[in-house]
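Colleague: Sequence and predicted model, in that order:
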Amino acid sequence: MSLLPYLKINRLEAGCDEVGRGCLSGPVVAAAVILPADYANDLINDSKKLTKTNRENIVEEIKSNSLAWAISEASVEEIDEINILNASFLAMSRSVKALEVRPDHLLIDGNRFKTDLDIPYDCIIKGDGKFASIAAASILAKVHRDQLMAKWALDYPGYGWETNAGYPTPQHRKGISEKGPTPLHRKSFKLLPDQLELGF
């Protein structure tokens, strides 16, 4: 079953979502997508409900069928400076600003949003499972971030980023415990359960 194409008809809506809030390393990544009102694709769903292969296979489909799309980041340094929630808002705002088409309204995944954009918005809890544009944004952000972390895994082996994308898995924690943190680790996060001396 296809997700909803819009919240209000005849309004140019951009769906926005972010990934990486719960990670111990790497940036938080957000995407914004404006889909045509008459566009429907049963494969577009909450990125967490799709396999890695399905997510990767549908990225070009989303990009080529969108009226506009953009992917943006907030860095590890920004996360540590302004906290992960504000960094998530910042990444989403950046993705909207980067759109080549200005939307009339934003559909934000989640229950809150803060921005300096002068565009009205609605926050929609579990929006990535309800609206196609938010789901499309979640897919673009997830695939982009996973690919970033897999690339950085080559520079910093031993943390399992190629499979865990920076999330706090046992393999990731083991790498931190044995090798210490990398420049890509978030200093403001509790990297180990007992917060061992990590040499920051």
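Modeller: Nice, I can see it.
Colleague: what comes up buried for stretch 87-106?
Modeller: Buried residues in stretch 87-106, defined by neighbour count with 16 or more other C-beta atoms under 10 Å: 87-96, 99, 103, 106. C-beta here means a position set from N, CA and C on the backbone, and glycine is covered the same way.
Colleague: Low-confidence bits of this protein, can you list those?
Modeller: When residues are selected by pLDDT under 70, those of the chain lie in 1, 194-200.
Colleague: quick one, strands of it?
Modeller: 13-19, 28-34, 68-74, 105-109, 121-124 (DSSP state E).
Colleague: quick one: which of the ones you listed is nearest residue 55?
Modeller: The closest of the strands of the chain to residue 55 is strand 13-19. By C-beta to C-beta, the value is 10.9 Å.
Colleague: strands paired with that closest one, and their directions?
Modeller: Note on strand 13-19: by DSSP bridges, its sheet partners are strand 28-34 (antiparallel), strand 105-109 (parallel).
Colleague: now, which of the buried residues of stretch 87-106 sits nearest residue 68?
Modeller: Among the buried residues of stretch 87-106, residue 99 lies closest to residue 68 (C-beta to C-beta), at 4.5 Å.
Colleague: residues near the closest residue to the closest one other than its chain neighbours, how many?
Modeller: Distance criterion C-beta to C-beta, 6 or more residues apart in numbering; nearest residue to residue 99, sequence neighbours excluded, is residue 68 at 4.5 Å. Residue neighbour count, defined by other C-beta atoms under 10 Å, stands at 18 for residue 68.
Colleague: State whether residue 68 and residue 97 are indeed in contact, as I suppose.
Modeller: No - using C-beta atoms under 8 Å, residue 68 is not in contact with residue 97, being 11.6 Å away.
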